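Undergrad: Provide a 3D model corresponding to the input given below.
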Amino acid sequence: MGLYGKYVLPHLIDLSMKDRATTKCRSEIIPKARGRVLEIGIGSGLNFPYYGAGVTHVWGIDPSRELLAMARPNRSAAPCSVELCCESAEQIPLNNASADTIVLTWSLCTISDPPRALEEMRRVLKPGGAVIFAEHGLAPDPGVRKWQERMSPLWKRLAGGCNMDRKIDQLVTDAGFDIRELRTSYLPGPRLLTYTYEGVAV
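TA: Numbering: from 1, shown residues only. So this is what the prediction gives:
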């Protein structure tokens, strides 16, 4: 991982995910979660304050031990018990049909094998359960897309594996989910990084 990945990158990720636009987005989508929730890429726990009374338990997985250490003191902001686990999304440590809701916020961009991870999410999601997501990805504007595709390999090395050119809605539907709600827009900031997909899939 190196010193940068261990000591610097986790704090940069935490800081960048606290801006006004992403905070507003969290406040709008996280309250839709219900029941037993699996949060993929829980990071430093920034979603905890937005879970509602309808959430009974949160499992949070993340491959970064450093980010999980930052999340632990934030667990008290959640209205329920929180269980943290250092694991990748390609190997979710839950039984089949365990979760009522799966939450993905700015994490699908960093997963090494998104189809495998989404297959795992289908395995652990209960019938009738929902996937709530807010992710940045491939923009519709040809000029922006061109630069996303050009810059993504370099950005991936600098930003902990983050890909800026993944078409999030297609990844979700290709995995067999049905998107029931979808809103796309540019959030404030560099257009290469801020085209955002917010939605709910079943």
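Undergrad: shouldn't D169 be within a helix?
TA: Yes. If the criterion is DSSP: H, G, I helix; E, B strand; the rest coil, then D169 is within a helix.
Undergrad: need the contact list for it.
TA: The contact partners of D169, taken as C-beta atoms under 8 Å, 6 or more residues apart in numbering, are I179, L182, T184, Y197, G199. C-betas here are computed from N, CA, C, even on glycine.
Undergrad: relative to R65, which of the residues you listed is nearest.
TA: Y197 (28.3 Å; C-beta to C-beta).
Undergrad: the closest one pairs with what?
TA: Beta bridges link Y197 to E135, T184, judged by DSSP bridges.
Undergrad: same check on I40?
TA: Counting by DSSP bridges, I40 forms beta bridges with I61, L104.
Undergrad: just the pLDDT for it.
TA: You'll see I40 listed with a pLDDT of 98.
Undergrad: from S16, how far off is it?
TA: If you measure I40 against S16 using C-beta to C-beta, to the nearest Å, the figure is 18 Å.
Undergrad: and A78, how far from A97?
TA: Counting by C-beta to C-beta - A78 and A97 are separated by 23 Å.
Undergrad: among those two, which residue is more densely surrounded?
TA: Set A78 next to A97 and count neighbours by other C-beta atoms under 10 Å: A78 wins out with 19 against 12.
Undergrad: burial check on the nearest residue to the more buried one once chain neighbours are set aside, number of neighbours?
TA: Of all residues beyond its chain neighbours, the one nearest A78 is F48 (4.1 Å), with distances taken as C-beta to C-beta, 6 or more residues apart in numbering. Using other C-beta under 10 Å, F48 has 22 other residues around it.
Undergrad: let's verify A71: helix, strand, or coil?
TA: Once three-state DSSP is applied, A71 turns out helix.
Undergrad: right, and it touches G41 too?
TA: No. A71 lies out of contact with G41 (C-beta atoms under 8 Å); the separation is 10.9 Å.
Undergrad: which neighbours do those two have in common?
TA: Common neighbours of A71 and G41 (C-beta under 8 Å, 6+ apart) are D62.
Undergrad: which residues touch R20?
TA: Listed by C-beta under 8 Å, 6+ apart, the contact partners of R20 are P188.
Undergrad: quick check: it vs L104, distance?
TA: For R20, the distance to L104 - C-beta to C-beta - is 21 Å.
Undergrad: quick one on the thing from earlier: so for I40 and S16, which sits in the more crowded spot?
TA: I40 (25 against 13).
Undergrad: who's in contact with that one?
TA: With the criterion set at C-beta under 8 Å, 6+ apart, I40 makes contact with I61, A89, I92, I102, V103, L104, S107, L108, I111, A117, M121.
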